[in-house]
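Engineer: got a predicted structure here, sequence first:
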Amino acid sequence: MATVTKTIGMNGLEGFVIKVEARILKGVPTMSIIGLADKAIKESRDRIEACFNTMGMRFPKGRIVFNMLPQDVQKSGGYLDLPMFLSLAIECEEINPDHVSLDETVFFGGISLCGDLENFNGMLPMLIQARQNGIRFAVLPNACMAEAVKVHGIQCFGFDNIHDLVEWFEGRMHYTSKSAAATKPPAISNLDFSQVRGQDHLIKFVVAAAAGGHNLLLVGPAGCGKSMIAKRIETILPDMNEDEALEVMAIHSVAGAARNHEDAMRRPFRSVHYNASANAIIGGGTNAKPGEITLAHNGVLFLDELPEFSRAALEALRQPLEDRVVRVARVRHTNVYPANFMLVAAMNPCPCGNFGSGKCICSPHKVRTYRQRISGPILERMDIQKFMNKVDLFEDANARNCVQGKLAADADKSDLSMRTRKPIQNPTNILKPDNPNASVHLKKKVEKARAIQAERFKGHDGVWTNAQMDVTLIDRFCAIDEASSALIQSAHDSNQFSARSYHKILKVARTFADLDGAADIRQEDVVSALLSRDLDRIDATPLKGW
Ligand SMILES: [Zn+2]
């Protein structure tokens, strides 16, 4: 009879139980490891022998065979040291297994030459998988406990070294948890919306995008703060709930991009460079790894310099933006990864970035070609499209007054503007919580609006935010009065809104109403929604002439 211990193997986001069999046969002392084990597993031989030595155990003489089941699935990872050591030590009667239910327990952990249990990536999805397979207990390195305790329904035992583990295993020591001490306090982000100056009028639209989960496109000259704003969106998004956080951690574990435990509840923010390949963005390649859109699941995917992305990459985004999942083809089967993200994109108005300022050196043809790179399907999916003006930041008080004057002048120029003019914040105000644009305040608004949406979409599977409404839901939840309807009609007549924009305007108006806690969409919400589509009404913005 061979001794069997269990652990978990992963294939993409899907896992399976691995049975680690150990048997000692008669013959020349050797160790063979069979069952499609990779190099890291085969190297465990010396570590296991060193561990017997450290523990003062007698290393078996004879032909040692380890078999990994199921035999036809590739296994990888150094965490199989522990189940292999235990199988062998039990098989040669150096350890008594009577105190532990081997059938209901999984073991994970690499072992160092002095018997310490080593940390590794990917603990979380393995434990979720173990729980789904009816496993009740898990034994793992103490360093993995902070991640492990997030999975409910499976009891975890963490150990620093093999000596403590064996003491507990044989019932000579009571288990005491050390996980609480290992947990670090949440990291404090140094990004905050109060650091964004001179763009107060824009923040309202960014908050709406975050509140309704609307995709957002920012167009503006180089240096106007597009990326600065985009990078701060994660600071106003509501924290993830436990299920969402587990899902995200599992994805990141598998991709080998494990998140810090202290960031566990924060939504992911993935900033992708335009040089990235379609495979890197969408997923795929030799290992069929999740791409950036899956790493951005439940969070934000930020594409800066949008027109610079390859046509292939932008085209490939269409299907996941629609379905909120992505199918990555492999040789034998297809991995389906989740990809429910909010797309935030930024672009210059023209290749040189100065369009509209009089300094532009681009020919009309060049400007048109540049814009056409993102026209069509992607542009259609951007609910909120805002043009940003360049704001000069000065250090001295006089210059600040100039900025204030400039902003006031800009406000006067805008005919449709509903914004209230606020005095520019004194820089000493920056990062203080009483700044109305501090992320902490904006986040509260977003959370309130999301709570309203959660209530609204109860019973509608797969819909959490206004942005996800289809035509049926829009008809049901976005009724507007006659005056608002006439307003949209006149905006349509003067600005040539496309028919497709109509539904987007209603969805965004619904979000503005939610942000104010209004049950019905009001005329002012429709105005705000109309103002959120600068690219549709290009004659009213510095984009005139596009
Ligand atoms: Zn230009």
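Structural biologist: Good, I have the coordinates.

Engineer: CA atoms for contacts and neighbours, from now on please.
Structural biologist: Noted.

Engineer: can I assume Asn437 sits in a helix?
Structural biologist: No: under the criterion used here (DSSP: H, G, I helix; E, B strand; the rest coil), Asn437 is coil, not part of a helix.

Engineer: what's the spacing between it and the ion?
Structural biologist: 32 Å (CA to the ion, to the nearest Å).

Engineer: that residue and Val17, how far apart?
Structural biologist: Distance, Asn437 to Val17, using CA to CA, to the nearest Å: 50 Å.

Engineer: give me the more crowded residue out of the two.
Structural biologist: Per other CA atoms under 10 Å, whichever of Asn437 and Val17 has more neighbours is Asn437, with 23 against 18.

Engineer: and the more buried one, what does it touch?
Structural biologist: By CA atoms under 8 Å, 6 or more residues apart in numbering, Asn437 lies in contact with Phe193, Ser194, Asp200, Ile203.

Engineer: selecting buried members of these in PyMOL, what would you type?
Structural biologist: To isolate the buried ones among the contacts of Asn437 in PyMOL, judged by 16 or more other CA atoms under 10 Å, type:
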select buried, resi 193+194+200+203
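
Engineer: OK, contacts around the closest residue to the ion within the stretch 51-200 of the chain?
Structural biologist: Here the residue of the stretch 51-200 of the chain nearest the ion is Gln199; by CA to the ion that distance is 22.3 Å. Taking CA under 8 Å, 6+ apart as the criterion, Gln199 is in contact with Met388, Val391.

Engineer: now Met240. Nearest residue, chain neighbours left out?
Structural biologist: With sequence-adjacent residues excluded and distances taken as CA to CA, 6 or more residues apart in numbering, Met240 is closest to Met265, at 5.1 Å.

Engineer: confirm that neighbour sits in a helix?
Structural biologist: No: the assignment for Met265 (three-state DSSP) gives coil, which keeps it out of a helix.

Engineer: follow-up on the earlier one: Lys359: which of the contacts of Asn437 is nearest?
Structural biologist: Asp200 (25.4 Å; CA to CA).

Engineer: quick one: contacts for that closest one?
Structural biologist: For Asp200, the contacting residues are Asn437, by CA under 8 Å, 6+ apart.

Engineer: Val207 versus that one, what's the distance?
Structural biologist: From Asp200 to Val207 the distance is 11 Å (CA to CA).

Engineer: ok, and the closest non-adjacent residue to Phe157?
Structural biologist: In space, and not counting its chain neighbours, Phe157 is closest to Val139: 4.8 Å by CA to CA, 6+ apart.

Engineer: phi, psi for the residue of the stretch 51-200 of the chain closest to the ion please.
Structural biologist: phi -120, psi 30 (degrees, to the nearest 10).

Engineer: could you do Leu113 as well?
Structural biologist: Main-chain torsions, Leu113, degrees, to the nearest 10: phi -70, psi -20.

Engineer: mind checking which helix or strand of the chain has the lowest mean pLDDT?
Structural biologist: helix 397-413 (a mean of 41; mean pLDDT, DSSP states H and E).

Engineer: ok, Met382 touching Val219?
Structural biologist: No: proximity of Met382 to Val219 does not meet the contact threshold set by CA atoms under 8 Å, at 11.9 Å.

Engineer: neighbour count winner among those two?
Structural biologist: It is Val219, of Met382 and Val219, that has more neighbours when counted by other CA under 10 Å, with 25 against 21.

Engineer: tell me who's in contact with Asn215.
Structural biologist: Here Asn215 is in contact with Ala209, Met342, Leu343, Val344, Arg381, Met382, Asp383, Ile384 (criterion: CA under 8 Å, 6+ apart).

Engineer: of those, the lowest pLDDT goes to which?
Structural biologist: Among the contacts of Asn215, Arg381 has the lowest pLDDT, at 85.

Engineer: next step: the contacts of Asn215 restricted to helices.
Structural biologist: Using DSSP state H, the members of the contacts of Asn215 that fall in helices are Ala209.

Engineer: for the contacts of Asn215, which two are the farthest from each other?
Structural biologist: It's Ala209 and Arg381 that sit farthest apart of those, by CA to CA, at 12.6 Å.

Engineer: so which of the two has more stuff around it?
Structural biologist: The residue with more neighbours, out of Ala209 and Arg381, is Ala209; 30 against 20, by other CA under 10 Å.

Engineer: could you pull out the helices for the stretch 351-500 of the chain?
Structural biologist: In the stretch 351-500 of the chain, the helices defined using DSSP state H, counting those that start in this stretch lie at 364-372, 377-380, 397-413, 439-456, 471-477, 482-495, 499-515.

Engineer: what's next to the shortest one, contact-wise?
Structural biologist: Contact with helix 377-380 is made by Leu314, Glu315, Leu317, Arg318, Arg500, Ser501, as judged by CA under 8 Å, 6+ apart.

Engineer: for it, buried residues please.
Structural biologist: Within helix 377-380, the residues that qualify as buried by neighbour count (16+ other CA under 10 Å) are Leu379.

Engineer: centre of the chain to that helix, how far?
Structural biologist: Centre-to-centre, helix 377-380 and its host chain are 22 Å apart (CA atoms, centre = their mean, to the nearest Å).

Engineer: residues contacting Gly62?
Structural biologist: Gly62 sits in contact with Ile24, Leu25, Lys26, Gly27, Val28, Pro29, Thr30, where contact means CA under 8 Å, 6+ apart.

Engineer: roughly how far apart are the closest residue to Val100 other than its chain neighbours and Asn96?
Structural biologist: Using CA to CA, 6+ apart and skipping residues adjacent in sequence, the residue nearest Val100 is Phe169, 6.5 Å away. In this view, Phe169 and Asn96 are 8 Å apart by CA to CA.

Engineer: more crowded one of the two?
Structural biologist: Between Phe169 and Asn96, counted using other CA under 10 Å, the more crowded position is Phe169 (20 against 16).

Engineer: Lys359 - how many residues pack around it?
Structural biologist: With neighbours defined by other CA under 10 Å, the count for Lys359 comes to 10.

Engineer: oops, could you answer that again for His441 instead?
Structural biologist: Neighbourhood size, His441 [other CA under 10 Å]: 15.

Engineer: with Glu167 instead?
Structural biologist: Glu167, neighbours per other CA under 10 Å, totals 14.

Engineer: quick one: low-confidence parts of the stretch 1-150 of the chain?
Structural biologist: Low-confidence segments of the stretch 1-150 of the chain, defined by pLDDT under 70: 12.

Engineer: so who does Asp383 touch?
Structural biologist: Residues in contact with Asp383 (CA under 8 Å, 6+ apart) are His214, Asn215, Leu216, Ala467, Lys504, Ile505, Val508, Arg533.

Engineer: farthest-separated two in those residues?
Structural biologist: Ala467 and Arg533 (14.7 Å).

Engineer: name the single longest strand found in the chain.
Structural biologist: Using DSSP state E to define each element, the chain has its longest strand at strand 14-25.

Engineer: send the alpha carbons of the helix or strand following that one over as CSV?
Structural biologist: Next helix or strand after strand 14-25 toward the C-terminus (DSSP states H and E): strand 30-34. Extracted C-alpha coordinates of strand 30-34, given in CSV (Å, rounded to 0.1, in the frame of the first residue of the first chain):
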residue,chain,number,x,y,z
THR,A,30,17.0,5.9,-5.9
MET,A,31,14.1,8.3,-6.0
SER,A,32,11.8,8.6,-9.0
ILE,A,33,9.0,11.1,-9.4
ILE,A,34,6.3,10.2,-12.0
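
Engineer: tilt between strand 30-34 and strand 14-25?
Structural biologist: Angle, strand 30-34 to strand 14-25, by axes from the mean of the first three to the mean of the last three CA atoms, to 10 degrees: 150 degrees.
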